[in-house]
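In: any chance you could fold what I've pasted below:
(chains A and B)
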Amino acid sequence: MKMRRVCLLALVGVLLLSALAPVAAQELELWTFVNTHARWFREQAERYAEEVNADFSLEVVEIAYSDMHDRLQISIQSGGVGAPDIADVEQGRFGGFLRGGGDPGFVELNALLDEGGHTENLVSARQALYTSMGSVYGIEHALTPVVLYYRADVWEGAGADPQEFVTWDDFVDAARVIVAENPDVIPLHIHGGLHELLLRQQGHDYFNADGDVTIDSEESIALMDWLLALKDEGVAGDPPTGDALWAAFKDGTLISMVGADWYAGFFKDNAPELSGKWKAAPLPAFEEGGRRTSVWGGTGATVVATSDHVEEALGFLEFAMLSIEGNVRRFELTNLFPPYIPAMDNERLHADDEYFSGMDLGAVFADVGPEAPPQWQSPFRSQLNSLRTAAWQDVIDGVRSPADAFAEIANTIRDEMEFES
Amino acid sequence: MFGRGRKIAPYLFISPFFVGYAIFFLYPVVQSLQLSFYRQVGLNKAPRFIGVDNYVRLATKDPLFVKALANTTYYALGSILIIVPLALLLALILHSPRLRLREFFRFLYFTPNITAGVVVGIIFGLVFEEQYGLINNLLLAPLGVENVRWLRESRWIMPAIILLGTWKWTGLNAIYFMVGLQNIPPELKEAARVDGATRWQVFWHVTLPLLRPILAFVLTFAIIGSYNLFAEPAILVGAEGGPNNSGLTMTMYLYTRGFRELKMGYASAIGYSLAIIILILTVFQLILIRAFRED
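Out: From the prediction side, this is the model:
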């Protein structure tokens, strides 16, 4: 009997403790799928606790890309069960939250942005990705200007200077020389986002400003045909994905990367041994005088509407994401170029970057940034990405023609739009 | 008073299961049946009644659903045709009285089954990796076979998943067969031998017919398991099924439509279609091996 009472008391004690614990700690939870973001968020949370709110503590949870977005959607769908307070949402998946025209489950940020005077400080083309019917739900992390990262030792060793490239023809000419020497090298790596970002460099996209699907446009098909022709010639190739991709960078198979600002941080995290061998240059244009950059990716920080700590979450985001210090520090830690205009000319963005051969990497981004093309959000973007990813390997392998594959994708999306209208 | 309490008590004792069953199983099952006749897209959006539109669309206007059905059937056929005979063979070997360390082998063949699907998926991702993976480098390269692009070329994706399924399920099914073999009275085989039957004839005319209930059990569960395949391919090639959706199974299709595109009504219709398909196949299979015959 005595034993039973002790057990019961212990049980009640444990239950009480577990019920009280979260209230006492007042800990907020943040989900992200990028370790560079996580690193910066953790540091900002510490700074926020030191400088503004001593009670504030943030648990930063890293979850893989698809899983994180799937879980976030499911937890919002189920009324916020297990949902975090703050979440990073990648622009490619953001449209999915808008599907059906319902409330996406995030806190509307218009009041915070307008009253704080932040709206005009943010690049509007980036914020458009997280805006629906005038409501803003996310704050962009990066301007995502696309540049040409290249192995300086290899290209310069072959007598080419990618800083001098004006058009893609210059790039291809130099690449031919390198491949003639060493056929195993892949000068242009056709990664999953290359077609999309080059299409935006040309001023087009998979969706237009009216929300119509345009992946099957003449320009889109012609661009893919051009990439495939380069692949047939041996100038471009499709290397493996995942860990094997980094192996291919390390063993020198891949000697360039057409990527956004966030890719600089990926290099440092995944291939630290290549430090000092890389440089970055503006993208070659499709014609002389043409646009020298594009945009690729991007992620917005959101506050989940079911959070019990909306005010604290907004306060933290304003402190970290809408301040010069927060934005500059993010560049220093992760190389994300600020989409926050007052931070853009900060001298700390122009420090020498050891990984990129002592270059002023910030200057390359700042140089091309103003030319960055807009990108249009669509509730159907994430589904289009899924369809395109599925068709991708067959198109690359020449099993299906781009015209055929892209038309099928576009028609599937048009049919979905009609079914849901 | 006492008598009434005694009548209620047993029901109270077993009630937790039924309460849990009603909340976590019965309610969603009924709710999703209802939802399958509605269009519900997106978060926080009210469903709208559309009759059988979802089912009509699935059957007539959704090539990806047909593809998922074909892929899953490919897996089911491939895995059953390989796993069942292999498991039976393994069971016959393990049943042999001359085998030493039998318990050890039984344990060994059972371990794949207690490993979580996600872990298996991650490990097999490394096994099938085209440049550095185990299969290409250790098994195929010594035979002079060029690197197979297991997870990138659409025609190799399903074979890769079937190989994984074989690794995972053969051992468990062998254990089912072993139980069946142990329940066959040795006198029957001895009698057949005395009558001059060869080993093959004994197997074909005595052992196999007596294994029929076990065979029915194994096949039923193999069909249900095959059509519910999710974790391993989802980890191996992504929830969309990888290149050309070649690894897309029915449950992955349900998952992506429901939880990625937030089409709950449509996903419910996929779920019910899947249930109906499994039911038909199972009944058909049971009739085929005459499991209902009384003997």
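
In: that's a helix at residue A:200, yeah?
Out: Yes - assignment of residue A:200 by DSSP: H, G, I helix; E, B strand; the rest coil places it within a helix.

In: need the contact list for the residue in the stretch 201-350 of chain A that chain B sits nearest to.
Out: When you check the stretch 201-350 of chain A against chain B by Cβ to the nearest Cβ, the closest residue turns out to be residue A:244, at 5.7 Å. C-beta coordinates here come from the backbone N, C-alpha and C atoms, glycine included. Contacts here follow Cβ atoms under 8 Å, 6 or more residues apart in numbering or on different chains; on that basis residue A:244 touches B:129-132.

In: now, of those, which are buried?
Out: The neighbour-count test (16 or more other Cβ atoms under 10 Å in any protein chain shown) applied to the contacts of residue A:244 identifies B:129-130 as buried.

In: of the contacts of residue A:244, which ones also sit close to chain A?
Out: Contacts with chain A are made by B:129-132 out of those, judged by Cβ under 8 Å from any Cβ of the partner chain.

In: report the separation between residue B:89 and residue A:236.
Out: When Cβ to Cβ, to the nearest Å is applied, the distance between residue B:89 and residue A:236 equals 49 Å.

In: quick check: residue A:199 vs chain B, distance?
Out: Between residue A:199 and chain B the computed distance is 21 Å (Cβ to the nearest Cβ, to the nearest Å).

In: list the contacts of whichever residue of the stretch 101-250 of chain A sits closest to chain B.
Out: With Cβ to the nearest Cβ as the measure, the residue in the stretch 101-250 of chain A that lies nearest chain B is residue A:102; the distance is 3.5 Å. When contacts are counted by Cβ under 8 Å, 6+ apart, residue A:102 touches B:41-45.

In: farthest-apart pair in those residues, please.
Out: Based on Cβ to Cβ, the longest span within those runs between B:41 and B:44 and measures 11.1 Å.

In: tell me which of the two has more neighbours.
Out: In this comparison of residue B:41 against residue B:44, neighbours counted by other Cβ atoms under 10 Å in any protein chain shown, the higher total goes to residue B:41 at 21 against 13.

In: who are the contact partners of the residue lying closest to the more buried one once chain neighbours are set aside?
Out: Counting by Cβ to Cβ, 6 or more residues apart in numbering or on different chains, the nearest residue to residue B:41 once its immediate chain neighbours are dropped is residue A:100, at 3.5 Å. In this structure, residue A:100 makes contact with A:379, A:420, B:40-43, B:45, B:262, judged by Cβ under 8 Å, 6+ apart.

In: part of a strand, is residue A:31?
Out: Yes - the assignment for residue A:31 is a strand, going by three-state DSSP.

In: distance of it from residue A:89?
Out: Separation of residue A:31 from residue A:89 (Cβ to Cβ) stands at 9 Å.

In: quick one: pLDDT of residue A:188?
Out: Listed pLDDT for residue A:188 reads 96.

In: the closest residue to it other than its chain neighbours: how many residues sit nearby?
Out: Of all residues not flanking residue A:188 in the chain, residue A:236 sits nearest, at 4.0 Å (Cβ to Cβ, 6+ apart). Using other Cβ under 10 Å, residue A:236 has 22 neighbouring residues.

In: check contacts around residue A:236.
Out: Taking Cβ under 8 Å, 6+ apart, one finds A:186-190, A:227, A:230 in contact with residue A:236.

In: so how far is residue B:133 from the residue of the stretch 201-350 of chain A closest to chain B?
Out: Relative to residue B:133, residue A:244 is positioned 9 Å away (Cβ to Cβ).

In: so what's residue 76 up against?
Out: Here I'm looking at chain A. Residues near residue A:76 by Cβ under 8 Å, 6+ apart: A:83, A:97, A:104-105, A:304-306, B:43.

In: my bad, chain B
Out: Residue B:76 makes contact with B:222-223, B:226-227 under the criterion Cβ under 8 Å, 6+ apart.

In: which of those residues has the most neighbours?
Out: The member of the contacts of residue B:76 that has the most neighbours, counting by other Cβ under 10 Å, is residue B:226 with 25 neighbours.

In: hang on, that one in a strand?
Out: No - per three-state DSSP, residue B:226 lies outside any strand segment and is helix.

In: what distance do you get for it to chain A?
Out: The span separating residue B:226 from chain A equals 22 Å under the rule Cβ to the nearest Cβ.

In: just checking, residue A:220 touches residue A:407?
Out: No - using Cβ atoms under 8 Å, residue A:220 is not in contact with residue A:407; the gap is 10.3 Å.

In: higher neighbour count, those two?
Out: Between residue A:220 and residue A:407, counted using other Cβ under 10 Å, residue A:220 has the larger neighbour count: 23 against 14.

In: separation between the more buried one and residue A:192?
Out: Distance, residue A:220 to residue A:192, by Cβ to Cβ: 15 Å.

In: just residue A:420 next, same as before
Out: For residue A:420, the distance to residue A:192 (Cβ to Cβ) stands at 26 Å.

In: more neighbours: which of these two?
Out: A count of neighbours by other Cβ under 10 Å puts residue A:420 above the other of residue A:420 and residue A:192, at 17 against 14.

In: the more buried one contacts residue B:41, doesn't it?
Out: Yes - in this structure residue A:420 lies within contact range of residue B:41 using Cβ under 8 Å: 5.6 Å.

In: near chain A, which residues of chain B show up?
Out: Applying the criterion Cβ under 8 Å from any Cβ, the portion of chain B that neighbours chain A consists of B:39-45, B:57, B:61, B:125, B:129-132, B:152-154, B:238-245, B:256, B:259-262, B:264.

In: just the buried members of those?
Out: Buried residues within the residues of chain B next to chain A, counting neighbours by 16+ other Cβ under 10 Å: B:39-43, B:45, B:57, B:125, B:129-130, B:152-154, B:238-245, B:256, B:259-262, B:264.

In: sitting in strands, which of those residues do you find?
Out: Taking DSSP state E, the ones among those that sit in strands are residue B:39.

In: and the residue of the stretch 201-350 of chain A closest to chain B, how far from residue A:254?
Out: With distances defined as Cβ to Cβ, the gap from residue A:244 to residue A:254 amounts to 11 Å.

In: also residue A:313?
Out: Distance, residue A:313 to residue A:254, by Cβ to Cβ: 40 Å.

In: any chance you could map the strands in chain B?
Out: With DSSP E as the criterion, chain B has strands at B:38-39, B:48-49.

In: contacts for the last one?
Out: With contacts defined as Cβ under 8 Å, 6+ apart, strand B:48-49 is touched by B:37-40.

In: and with 10 Å instead?
Out: Strand B:48-49 is contacted from outside by B:34, B:37-41, B:265, using Cβ atoms under 10 Å, 6 or more residues apart in numbering or on different chains.

In: what parts of the stretch 151-300 of chain A come near chain B?
Out: Applying the criterion Cβ under 10 Å from any Cβ of the partner chain, the portion of the stretch 151-300 of chain A that neighbours chain B consists of A:238-244, A:247-248.

In: how far off centre is stretch A:178-189?
Out: If you compare the mean C-alpha spot of stretch A:178-189 with that of the full chain, they lie 28 Å apart, counting by Cα atoms, centre = their mean, to the nearest Å.

In: dump the residue contacts of the nearest residue to residue B:230 once chain neighbours are set aside.
Out: If you skip the residues right next to it in sequence, residue B:230 has residue B:251 as its closest partner in space, 4.3 Å away by Cβ to Cβ, 6+ apart. When contacts are counted by Cβ under 10 Å, 6+ apart, residue B:251 is found next to B:68, B:72, B:227-231, B:233-234, B:239, B:270-271, B:274.

In: most neighbours among these, which one?
Out: Highest neighbour count within these, by other Cβ under 10 Å: residue B:233, with 31 neighbours.

In: do you know how far the nearest residue in space to that residue that is not next to it in sequence is from residue A:66?
Out: Take residue B:233 and drop its neighbours on the chain: the residue closest to it by Cβ to Cβ, 6+ apart is residue B:247, 4.5 Å away. Distance from residue B:247 to residue A:66, counting by Cβ to Cβ: 14 Å.
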